[in-house]
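Peer 1: Quick check, what structure comes out for this input:
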Amino acid sequence: MRRSHEAAAPSRVVRGFVCACGLAAALAAGRTVRAQDAVQPPSQPSFRSSSSLVVLNTTVAEQDGRLVAGLPQDRFAVFDNDRPQPIALFSNEDMPVTVGLVVDASFSMRPKIGEVIGGASRFARVSNPDDEVFAIAFNERVRDPLEGHAFVHAGDVSALEQALEALVPDGETGLYDAMLAALDRLDTGSWPRKALVVLSDGGDNASAATLNDVLARARRSNAAIYTIGLFDADDRDRNPGVLKTLSEMTGGVRYLPASPGIVIQDCERIARDIRSGYTIGFEAPSADGAYHRLRVDIVNPRDAHMNVRTRAGYLAPIGARP
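Peer 2: Numbers count the residues shown, from 1 in each chain. You can find the predicted model right below:
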């Protein structure tokens, strides 16, 4: 049995108050729902329970980083505060996701904007064509480069490319404000699975929000946050540690590419990581409003060499015990 402890390969665990029995119903993320309220397609198993579900987006990889898809439910074990939980919901299919691209458009990114456009384009091309995609661009202001289109399909690469090509990097950096806006936008998406891809140097010198505000908001979301650090050695505002923190706590990965070509490769890796993931749900054991540590393990001895990555925990709902 093995679980991960580091972002690029191992990791920890997840949360989310999205109930999507069978995962065919597109529900708002971060919301507590009841299993019997979810719409079920005939081909999916039916879950009838009065308990809230915690939904975990989980990735499995070999020790060399190669993704592992198609494992059955009986290879997984879920723990809430170190207590085993029965799995009530499971999917190992390539399900569409709602994903946001959070793009640093401050002055320091002028030499990097071509890398951003190339990476975002590649990300869309290898994503599930039914993915919902939105973009958030930021300097000292947060704005929507898609201008009125809340979401576009990943298959519509041209719309995304045109929006990013119109960006003129300038001004200071309000990363934390942009992260809050992106997490709020994710909640309006159709698909149960959520992700953010952040392209930035990790610095912030213009936000009204703080890093603690962002971390608290991320704990209330089921989104995995992937970060790509774009900076030069003389970038005084760079903060790769922030990018690592955001990724590790949410079950994502931080990348620090050394060249433009690597940026494109990293964006492709993120898209494949999302498409190869597992969705696992269990009934919340309590509604105490507290933070619960989570863990997903591989239990089959022949798979002991594999690493599991998912969120570190979740905030339980407040209310009577289910």
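Peer 1: residues contacting Phe134?
Peer 2: Going by Cβ atoms under 8 Å, 6 or more residues apart in numbering, Phe134 touches Thr98, Val99, Gly100, Leu101, Asp144, Leu146, His149, Ala150, Phe151, Val152, Arg185, Gly189. All C-beta spots, glycine's among them, are computed from the backbone N, C-alpha and C.
Peer 1: Go through those residues and flag which are in strands.
Peer 2: Among these, the members found in strands (DSSP state E) are Thr98, Val99, Gly100, Leu101, Val152.
Peer 1: Quick one: which of the residues you listed is the most crowded by neighbours?
Peer 2: Val99 (29 neighbours; other Cβ atoms under 10 Å).
Peer 1: Can you tell me, leaving aside adjacent residues, what's nearest to that one?
Peer 2: Ala195 (4.6 Å; Cβ to Cβ, 6 or more residues apart in numbering).
Peer 1: Let me know the pLDDT of the one you found.
Peer 2: For Ala195, the model assigns a pLDDT of 95.
Peer 1: Please shift the residue numbers so they start at 34 in all later answers.
Peer 2: Yes, from this point I'll number from 34; that puts the last item at Ala228.
Peer 1: Mind listing the residues bridging to it?
Peer 2: With DSSP bridges as the criterion, Ala228 is bridged to Val132, Ala257.
Peer 1: you'd agree it is up against Ser254?
Peer 2: No - applying Cβ atoms under 8 Å as the test, Ala228 and Ser254 come out as separate, 10.3 Å apart.
Peer 1: Identify the contacts common to the two.
Peer 2: By Cβ under 8 Å, 6+ apart, no residue touches both Ala228 and Ser254.
Peer 1: State the pLDDT value of Gln69.
Peer 2: 31.
Peer 1: Can I get the ones in strands among the contacts of Phe167 in JSON lines including distance to Phe112?
Peer 2: Compiled in JSON lines, these are given as follows (distance: Cβ to Cβ, whole Å):
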{"residue": "Thr131", "distance to Phe112": "27"}
{"residue": "Val132", "distance to Phe112": "28"}
{"residue": "Gly133", "distance to Phe112": "29"}
{"residue": "Leu134", "distance to Phe112": "33"}
{"residue": "Val185", "distance to Phe112": "38"}
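Peer 1: Among those, which has the minimum pLDDT value?
Peer 2: Val185 (90).
Peer 1: residues contacting it?
Peer 2: Val185 neighbours (Cβ under 8 Å, 6+ apart): Glu165, Val166, Phe167, Leu179, Ala192, Leu193.
Peer 1: which of those lies closest to Gln96?
Peer 2: The closest of these to Gln96 turns out to be Val166 (Cβ to Cβ; 31.6 Å).
Peer 1: so that closest one touches Phe184, yeah?
Peer 2: Yes - in this structure, Val166 is within contact of Phe184 by Cβ under 8 Å, at 6.3 Å.
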